[in-house]
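Colleague: Pasted the sequence and its predicted model underneath.
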2 protein chains.
Amino acid sequence: MADERTLGEAGELEALARILPLLPSGEAIVGPGDDAAVVPAPDGRFVVTTDTMLEGADFRLGWSTWHDLGWKAVATNLIDVAAMGARPTSLVVALAVPPSTRVADLEALAQGLADGVAAMAPGCGVVGGDLGTAPHAVIAVTAFGDLEGRDAVLRSGARPGDEVWVVGRLGHAGAGLARLFADAVDEDGEADADAAARLREADPRIDAQLAPVSPVAAGARLARLGATAMLDVSDGLALDAARIARASGVRITLDAAAVASAAEGAPLEAALHAGEDHALLLAVPRGTAMPAELGGHAVRRIGAVEAGDPSVQLSGSPLPPRGWDPYRRDR
Amino acid sequence: MADERTLGEAGELEALARILPLLPSGEAIVGPGDDAAVVPAPDGRFVVTTDTMLEGADFRLGWSTWHDLGWKAVATNLIDVAAMGARPTSLVVALAVPPSTRVADLEALAQGLADGVAAMAPGCGVVGGDLGTAPHAVIAVTAFGDLEGRDAVLRSGARPGDEVWVVGRLGHAGAGLARLFADAVDEDGEADADAAARLREADPRIDAQLAPVSPVAAGARLARLGATAMLDVSDGLALDAARIARASGVRITLDAAAVASAAEGAPLEAALHAGEDHALLLAVPRGTAMPAELGGHAVRRIGAVEAGDPSVQLSGSPLPPRGWDPYRRDR
């Protein structure tokens, strides 16, 4: 049964006692409750990535449920582990919320973490965390992975002659966010929860923004297939492809029709320049036998790697590396 | 030369280009710049802890400099690694600040991280991070350590007959914070930067609060000496000793005169019930040959472990487990 007390009423210890049993324990040697956790690193290395979600800048509680926040924290962090070609093993969650937050809201967030892990990375554990207070909610996740003896797949390994592929859809998260800003705000520009809930039933792109399913399990599979460079498309295809081009010292040529196909009905502008899709963008040697889908995510060839000045071309025209920059965003 | 532009003017990439060269690289296999970092874990396990510092709840920019914030993030996170008996190897830093923050401020924070690591854990690296925007500054650090083949030192290993020791001072951070609240606020209760700077020159307990030096290197040494239980005193001796008592199922008896000695002039009330000292509290088998100091931090015997109901006694009287609870703090 949900705990209707606020954190201020329940205190840290009782809140933790409600939350911890909801979280998957994974393979931790020492789990939550001590100064630190101890996690296996079977091949003598571990992969680590960190990301913070902030109320206001990254989410609005009028649009996202607490369950969404836990789920999205899993989807956005574990895909960075996957983009190195690693299998996610564990994560830690640092959370700061107003003391007026209900314990039931934290239970929902913990259930979102658990459900996200079960859907995208079964076996992964939540091995530690931190609870604090803040005027607006902050969720900082650090995630870990196992390379299973392989080299990490970096952004710098693409070679002329490679093919460029994408796993997952492009533009849906950005299109969903644009829809929320257009149709789920009140006269003052504040989030309108009722309008968001109605939109969500009508338009699956809202879920792509609020509770995305990222192709986490595909990462290690693509590494085994021979991926030479890989990242997740978090800031838009144009900017993220430019990152591979620059790191690898190559020209990337994308096919507009193939990109439109990967957009699956979302506007091309959103596929190219909006963020948060968390599809995997990768290069593989020409002729690699690629599956048609991986874990329910479509696998598509969208371009090629050529020798040349580091740059990205879209069907013959230069594609500017315009995308998400947290410091230049005008909202 | 310091970069006087704001983050909004410089953008994320240029800000990172200023910050990254300041950070120690440590032993990372893959450092900052990709989706994730890759870190060695020589004995097939790693220790991990996470903690968030929030403007308002945990620090005020009128009292702390940006250099202080980087330094304190190192001091408070690496000691949690040390309290497991591990050697800190690396950390990742997720940072969110207002777009109006100067790049020079972030450079100072990075230098504080670097200086803190050099002073407390030379060889440790900053292997990754994340930059985002928030209305108030948020610094989320996750730190890693190597157990060098040993078992982790948990809170649960204290046994009747053990001695209780503390490495470092108690109560100074809390006394420093009380002084700041008393003498470095204006009529509205806001931080008074000039008053704080003057206090800081006169009273070393201000530094114990704003830029603490925690006994990080002592952790692995104490594990080798045979510590049976250990934690860092982050929420006050009374509460943290009760955590060992509860986890180990033992009674801990503390000697008030010895605790007063470890307070080195700070009020006993602060030593017992205020937080953030980050001294190491531990149990060792009776008769263990302990050094007089470790890395400049005094080493003192302050009590004993006995059979009995889990509880803490101070010179014969029950010591209530009162200390820091982020959800019940009245500021």
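Modeller: On my side now, so go ahead.

Colleague: From now on I want contacts and neighbour counts done on CA atoms only, so please keep to that.
Modeller: OK.

Colleague: Just want the angle from the strand or helix carrying residue A:50 to strand B:45-54.
Modeller: Assigned by DSSP states H and E, residue A:50 belongs to strand A:45-54. Comparing the axes of strand A:45-54 and strand B:45-54 via axes from the mean of the first three to the mean of the last three Cα atoms, to 10 degrees yields an angle of 20 degrees.

Colleague: how distant is strand A:45-54 from the center of its chain?
Modeller: With Cα atoms, centre = their mean, to the nearest Å as the basis, strand A:45-54 stands 11 Å off its chain's centre.

Colleague: Alpha carbons of that strand, as CSV, please.
Modeller: The C-alpha trace of strand A:45-54 is given here as CSV (Å, rounded to 0.1, in the frame of the first residue of the first chain):
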residue,chain,number,x,y,z
ARG,A,45,37.5,-3.2,-15.8
PHE,A,46,34.2,-1.4,-15.6
VAL,A,47,32.3,1.0,-17.7
VAL,A,48,30.8,4.1,-16.0
THR,A,49,28.6,7.0,-17.0
THR,A,50,26.7,9.7,-15.1
ASP,A,51,23.8,11.9,-15.9
THR,A,52,21.5,14.2,-14.0
MET,A,53,17.8,14.9,-14.5
LEU,A,54,16.5,18.2,-13.0
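
Colleague: Tell me which helix or strand comes right after it.
Modeller: Note on strand A:45-54: by DSSP H and E, the next helix or strand toward the C-terminus is helix A:66-82.

Colleague: quick one: is that next one near chain B?
Modeller: Yes - using Cα under 8 Å from any Cα of the partner chain, a contact is recorded between helix A:66-82 and chain B, made by A:80-81.

Colleague: pLDDT below threshold where in chain A?
Modeller: A:1, A:324-331 (pLDDT under 70).

Colleague: what secondary structure does the residue of chain A positioned farthest from its centre sit in?
Modeller: Distance from the C-alpha centroid of chain A, by Cα atoms, centre = their mean, peaks at residue A:9 (33.5 Å). Secondary structure state of residue A:9, per DSSP: H, G, I helix; E, B strand; the rest coil, is helix.

Colleague: can you pull the contacts of residue A:44?
Modeller: B:40-45 (Cα atoms under 8 Å, 6 or more residues apart in numbering or on different chains).

Colleague: Show me which of these are buried.
Modeller: Using 16 or more other Cα atoms under 10 Å in any protein chain shown as the burial test, the contacts of residue A:44 include B:40-45 as buried.

Colleague: hey, what's residue A:94 bridged with?
Modeller: Judged by DSSP bridges, the bridge partners of residue A:94 are residue A:130, residue A:140.

Colleague: Tell me which stretches of chain A form helices.
Modeller: A:7-19, A:66-82, A:103-120, A:172-183, A:193-202, A:204-210, A:218-224, A:237-248, A:256-263, A:268-273 (DSSP state H).

Colleague: Just the buried positions in the shortest one, please.
Modeller: In other words, helix A:268-273. Of all the residues in helix A:268-273, those buried under the rule 16+ other Cα under 10 Å are A:268-273.

Colleague: Show me what that helix is packed against.
Modeller: Packed against helix A:268-273 by the contact rule (3 or more Cα pairs under 8 Å, 6 or more residues apart in numbering or on different chains; DSSP states H and E) you find helix A:172-183, helix A:237-248, helix A:256-263.

Colleague: Skip the chain neighbours and tell me the closest residue to residue A:315.
Modeller: Among residues not flanking residue A:315 along the chain, residue A:255 sits closest, at 5.0 Å (Cα to Cα, 6 or more residues apart in numbering or on different chains).

Colleague: Now do the same contact list for residue A:254.
Modeller: Residue A:254 touches A:164, A:302-304, A:312-315, counting by Cα under 8 Å, 6+ apart.

Colleague: Now with 7 Å, please.
Modeller: A:302-304, A:313-315 (Cα atoms under 7 Å, 6 or more residues apart in numbering or on different chains).

Colleague: And residue A:194, how far from chain B?
Modeller: 26 Å (Cα to the nearest Cα, to the nearest Å).

Colleague: burial of that residue, as a residue count?
Modeller: Applying other Cα atoms under 10 Å in any protein chain shown, we find 13 residues neighbouring residue A:194.

Colleague: OK, contacts around residue A:126?
Modeller: A:23-26, A:90-92.

Colleague: What's the end-to-end length of stretch A:290-304?
Modeller: 15 Å (Cα to Cα, to the nearest Å).

Colleague: Enumerate the positions of it that are buried.
Modeller: Neighbour-count burial for stretch A:290-304 [16+ other Cα under 10 Å]: A:294, A:297-304.

Colleague: near chain B, which of these show up?
Modeller: Taking Cα under 7 Å from any Cα of the partner chain as the test, chain B is in contact with none of the buried residues of stretch A:290-304.

Colleague: Cross those against strands and list the overlap.
Modeller: A:294, A:297-304 (DSSP state E).

Colleague: any idea how far residue A:82 is from residue A:74?
Modeller: Computed as Cα to Cα, the residue A:82 to residue A:74 distance reads 12 Å.

Colleague: the more surrounded of the two?
Modeller: residue A:82 (35 against 30).

Colleague: can you list the residues of the stretch 151-300 of chain A near chain B?
Modeller: Counting by Cα under 7 Å from any Cα, the stretch 151-300 of chain A sits next to chain B at A:154-155, A:231.

Colleague: related to what we said a few turns ago, export the contacts of residue A:126 as CSV, with columns for neighbour count and distance to residue B:248.
Modeller: Putting the contacts of residue A:126 into CSV (neighbours: other Cα atoms under 10 Å in any protein chain shown; distance: Cα to Cα, whole Å) gives the following:
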residue, neighbour count, distance to residue B:248
A:23, 19, 24
A:24, 21, 25
A:25, 20, 22
A:26, 17, 24
A:90, 27, 27
A:91, 26, 27
A:92, 24, 25
